[in-house]
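Participant: Got a predicted structure plus its sequence, pasted below:
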Amino acid sequence: QVQLVQSGAEVKKPGASVTVSCKASGYTFSSYYIHWVRQAPGQGPEWMGLINPSVGSTSYAQKFQGRVTMTRDTSTSTVYMELSSLRSEDTAVYYCARVGVGAPWPAEYFLFWGQGTLINVSS
Amino acid sequence: QSVLTQPPSVSGAPGQRVTISCTGSASNIGAGYDVHWYQQLPGTAPKLLMYGNNNRPSGVPDRFSGSKSGPSASLAITGLQAEDEADYYCQSFDRGLYGYVFGPGTKVTVL
């Protein structure tokens, strides 16, 4: 079965960077885009961007351009999301998510989700 | 501030029908992009409830149905059950932002 397992919660100071990992299993890693979605406390989800694990190409939401970097390691079926210049407003649960079968851009929907990683930005 | 609008809350008695609206614009839903819906229970990741406007993933009861018309979409829950108490989010694509967008969410309360 498809599983996305994320790294654990972290506390960061403003201005620092954080990297969250997402290890995929149960399917062919290179066959499906992985997206990152975050959710601040009491707010709706917010799409951050995606990575194509096959070739490593990325597309980022305008809001995060210049601050987010998504990479992958095909040898371990793991994707990474690094967010830099952290501020208090970045405190949120960060999710990786895999799209459903036959759901091309821009009609993608998120069928499989990681368990979420809480990033707390606090001085 | 989301480009999709949802009512903050809706409520209904067990067995009743409730609907949740998701209103967008000509830049997203009104441009013809698909709408998807998620259910989120406290402390858990969102769960896909409806995709491609009106398609249910395997395992989702047929009490849930979706529709779309113009710049708006709706999720209906018939035969409301206590287990349906959760937050519901719509999602679509916005060509102005060139990315996926979510609604702010609607809390469904079963009275």
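Facilitator: Good, I have the coordinates. Numbers count the residues shown, from 1 in each chain, chains lettered A, B, ... in the order given.

Participant: Quickly find the element holding A:V93.
Facilitator: Following DSSP states H and E, one finds A:V93 within strand A:92-99.

Participant: Describe which strands the helix or strand that that strand is followed by pairs with in its sheet and in which direction.
Facilitator: Counting by DSSP H and E, the next helix or strand C-terminal to strand A:92-99 is strand A:110-113. Strands that pair with strand A:110-113, judged by DSSP bridges, come out as strand A:92-99 (antiparallel).

Participant: Other residues contacting the partner strand?
Facilitator: A:2, A:4, A:6, A:20, A:22, A:24, A:27, A:32-41, A:43, A:45-46, A:48, A:79, A:81, A:108-114, A:116-119, B:45-46 (Cβ atoms under 8 Å, 6 or more residues apart in numbering or on different chains). No exception for glycine: its C-beta is placed from N, CA and C like everyone else's.

Participant: go again using 6 Å as the cut-off
Facilitator: Residues outside strand A:92-99 that contact it (Cβ atoms under 6 Å, 6 or more residues apart in numbering or on different chains): A:4, A:20, A:22, A:32-40, A:108, A:110, A:112-114, A:116-119, B:45.

Participant: Mind giving me the PyMOL command for buried ones among these?
Facilitator: To isolate the buried members of these in PyMOL, using 16 or more other Cβ atoms under 10 Å in any protein chain shown:
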select buried, (chain A and resi 4+20+22+32+33+34+35+36+37+38+39+108+110+112+113+114+116+117+119) or (chain B and resi 45)
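
Participant: interface residues of chain B facing chain A?
Facilitator: B:34, B:36, B:45, B:48, B:51, B:89, B:93, B:97, B:99-100, B:102-105 (Cβ under 6 Å from any Cβ of the partner chain).

Participant: Max pairwise distance over the residues you listed: which two?
Facilitator: B:A45 and B:L97 (23.1 Å; Cβ to Cβ).

Participant: Find the residue at the geometric middle of chain A.
Facilitator: A:W36 (2.8 Å; Cα atoms, centre = their mean).

Participant: who does the strand or helix carrying A:V37 touch, helix- and strand-wise?
Facilitator: Under the criterion of DSSP H and E, A:V37 resides in strand A:34-39. If you count contacts as 3 or more Cβ pairs under 6 Å, 6 or more residues apart in numbering or on different chains; DSSP states H and E, strand A:34-39 packs onto strand A:45-51, strand A:92-99.

Participant: how does it look with 10 Å?
Facilitator: strand A:18-25, strand A:45-51, strand A:68-73, strand A:78-83, strand A:92-99, strand A:110-113, strand B:99-102 (3 or more Cβ pairs under 10 Å, 6 or more residues apart in numbering or on different chains; DSSP states H and E).

Participant: Any part of the fourth one near chain B?
Facilitator: It refers to strand A:78-83. No: judged by Cβ under 10 Å from any Cβ of the partner chain, strand A:78-83 stays clear of chain B, getting no closer than 15.2 Å.

Participant: Output that strand as CSV, nothing but the C-alphas.
Facilitator: This file holds the C-alpha atoms of strand A:78-83, laid out as CSV (Å, rounded to 0.1, in the frame of the first residue of the first chain):
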residue,chain,number,x,y,z
THR,A,78,12.7,10.3,-0.5
VAL,A,79,11.8,13.9,-1.3
TYR,A,80,12.9,16.9,0.7
MET,A,81,11.4,20.3,1.2
GLU,A,82,13.7,23.1,2.5
LEU,A,83,12.2,26.4,3.6
